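Asks: take this sequence and fold it.
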Amino acid sequence: MDVLEAALDQVGFAVIEDALDVAELASLTDAVDDFHRRRGGGTLHELGFLGADERFAELVDHPAVLPVVVATLGWNVFMYQWHARGDNTSDVTRKVLFFAYTYRWIRPRDDLDLSASFLAGTSPTRRQLLGDGTSAIGHWIPTEEDVPLRAAVEA
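Replies: Numbering: from 1, shown residues only. All right, here's what the predicted structure looks like:
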């Protein structure tokens, strides 16, 4: 059992060290800063951030992460946003994006705020991972169009 599998087994999550390179980290930091400015500054705790900037959506099928997700959960998954935060009482600004993957039949409680035009500009696999589908029933009884990741994994 490798370190990631052990972490998943013991605590239910894993941290993939150095998943983002320096350029990706800088781009995401800029995306957070841009989003923060658009929201008027101050404390920012936003559940529906994925559709706010294409740079956030690039995380859902990131090549350093998606293979671990598929190896752990399989192809019938999507990404949801979750949160666990406390007040920042330090002088250090924290910038954190929380999200997780789960099975498609487990639906999110938070509105993901993904417009049709935003989804239209993404790949079929990314749309699946963002929780899109051909119909509500497609989350429980998926068609090939609902889960393009399956064909990619089984190829």
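
Asks: any stretches of the protein with poor pLDDT?
Replies: Within the chain, the segments meeting pLDDT under 70 span 1, 82-85, 108-113.

Asks: one more time with 80, if that's ok
Replies: In the prediction, the chain carries residues with pLDDT under 80 at positions 1, 41-48, 80-88, 98-99, 107-114.

Asks: can you give me the helices for it?
Replies: Applying DSSP state H to the chain gives helices spanning 3-11, 22-38, 54-57, 66-73, 116-120, 124-129, 148-154.

Asks: give the residue farthest from the middle of the protein.
Replies: For the chain, the C-alpha lying farthest from the average C-alpha position belongs to residue 91; by CA atoms, centre = their mean, that distance is 28.3 Å.

Asks: return the most buried member of the helices of the chain.
Replies: Compared across the helices of the chain, helix 124-129 shows the largest average neighbour count, a mean of 21 (mean count of other CB atoms under 10 Å). The C-beta positions use only the backbone N, C-alpha and C, and glycine is treated the same way.

Asks: residues in contact with that helix?
Replies: Residues from elsewhere that reach helix 124-129, judged by CB atoms under 8 Å, 6 or more residues apart in numbering: 57, 60-61, 66, 77-79, 101, 104, 119, 145-149, 152.

Asks: please apply the same query to stretch 51-60.
Replies: Outside of stretch 51-60, the residues within contact range by CB under 8 Å, 6+ apart are 27-28, 30-31, 34-35, 38, 46, 49-50, 65-66, 79, 97, 99, 112-115, 118, 121-122, 126, 129-130.

Asks: how far does it stretch from one end to the other?
Replies: The distance separating the two terminal residues of stretch 51-60, taken as CA to CA, to the nearest Å, comes to 11 Å.

Asks: so that it lines up with my notes, have the first residue be 28 from now on.
Replies: Will do, 28 is the new start, and the previous item becomes stretch 78-87.

Asks: tell me how far that stretch lies from the chain's centre.
Replies: Taking CA atoms, centre = their mean, to the nearest Å, one finds the center of stretch 78-87 at 8 Å from the center of the full chain.

Asks: all set, thanks.
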